[in-house]
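Visitor: Pasting a predicted model and its sequence here:
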Amino acid sequence: MKSLILRSFALLALLFLGACSTTPTVEPQASYPEPVFAIDRIVPADAVDVTAVYDPLEGMNKRIYNFNYHFDQWVFLPVVRGWKAVVPQPARAGVHNFFENFRDVRTMANSILQASPAKFFQSTGRVLVNSTIGLFGVIDVATSMGMPKPDEDFGQTLGHWGVGTGPYLVLPLLGPSNVRDGVGLFPDLVLQNYIQDDLLAQPVRATAFLFDSIDTRENTSFRYYETGSAFEYQTVRWLYSTKRELDVEK
């Protein structure tokens, strides 16, 4: 019996060694389909690289961006939260509509400068309806009537006539911009102040400026460093630059 067992073990050992000495068969590599989310399928061929925006002032812009973040965190957003806690939503909507009516006047002026009669008549119709039926713009009757709302500023007017954006620029408190749009702020502010001088007394104008700033921040959904991107500065820079190109083209 012992010899039978030993012969069985010897036979198994020989079979095992023979199997180990056999060259393994190499299976052909499987051919897998291309991933659905391949980058060339997601990103258009003519897409602009987020780093391609002309930003020679990046060092200064990043410092201003960081300042805006801290101001937003410690001043602007707490004021907005207090505003929302104290002022009922219908009253806040009335304030928002009132200032939007002034922006429609800005669009009227820039539509003339852009030689765009369609936008001029649309914005003029809105101003006439909201300033009368809408009680000086407090009620947005024009939108409820389905009237289009074009939005034009002097930066877009300059772009319409072929003026380039110039370097990217982050403005204190105001956020992302560029040299062209930064220059374009001044004619728009002069127009707004000229209109308000005729309609509002000096103390009311100062209060209106404060309310306009708070309302603008309340209705701007962006929050610094909450985008989830490790490259938020570059992302915001690209998004703003792309949006302004589209604004000029529309």
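Guide: Yep, it's here.

Visitor: CA only for contacts and neighbour counts going forward, please
Guide: Will do.

Visitor: Give me the contact list for stretch 62-78.
Guide: By C-alpha atoms under 8 Å, 6 or more residues apart in numbering, the residues outside stretch 62-78 that reach it are 170-173, 175, 214, 217, 224, 233.

Visitor: what do you get if the cut-off is 10 Å, keeping everything else the same?
Guide: If you take C-alpha atoms under 10 Å, 6 or more residues apart in numbering as the criterion, stretch 62-78 is touched by 58-61, 79-80, 83-84, 169-176, 213-214, 217-218, 223-225, 233-234.

Visitor: list the contacts for L200?
Guide: By C-alpha under 10 Å, 6+ apart, L200 lies in contact with 193, 206, 208.

Visitor: Number of residues surrounding the last one?
Guide: So the one you mean is A208. Using other C-alpha atoms under 10 Å, A208 has 17 neighbouring residues.

Visitor: How about the second one?
Guide: A206 sits with 12 neighbouring residues when counted by other C-alpha under 10 Å.

Visitor: Can you pull the phi and psi angles for it?
Guide: Note on A206: its backbone torsions stand at phi -60, psi -40 [degrees, to the nearest 10].

Visitor: Could you do L169 as well?
Guide: The phi/psi pair for L169 (degrees, to the nearest 10) reads phi -150, psi 130.

Visitor: List the contacts of it.
Guide: The contact partners of L169, taken as C-alpha under 10 Å, 6+ apart, are 54-58, 60-62, 64-65, 175-182, 237.

Visitor: May I see the PyMOL selection of the buried members of those residues?
Guide: Applied in PyMOL, the following selects the buried portion of the contacts of L169 according to 16 or more other C-alpha atoms under 10 Å:
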select buried, resi 54+55+58+61+64+65+176+177+178+179+180+181+182+237
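
Visitor: rewinding a little: show me which of the contacts of stretch 62-78 are buried.
Guide: With neighbours counted by 16+ other C-alpha under 10 Å, the contacts of stretch 62-78 contain buried members at 58, 61, 80, 83, 169-171, 176, 214, 217-218, 224, 233-234.

Visitor: Redo these as TSV? Include pLDDT, distance to D247 and secondary structure.
Guide: Conversion of those to TSV gives the following (pLDDT from 0 to 100; distance: C-alpha to C-alpha, whole Å; DSSP: H, G, I helix; E, B strand; the rest coil):
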residue	pLDDT	distance to D247	secondary structure
E58	96	24	helix
N61	98	23	helix
V80	96	28	helix
W83	96	31	helix
L169	97	17	strand
V170	97	19	strand
L171	97	19	strand
P176	96	15	strand
I214	95	24	helix
R217	94	21	helix
E218	94	22	helix
Y224	91	23	coil
Y233	95	21	helix
Q234	95	20	helix
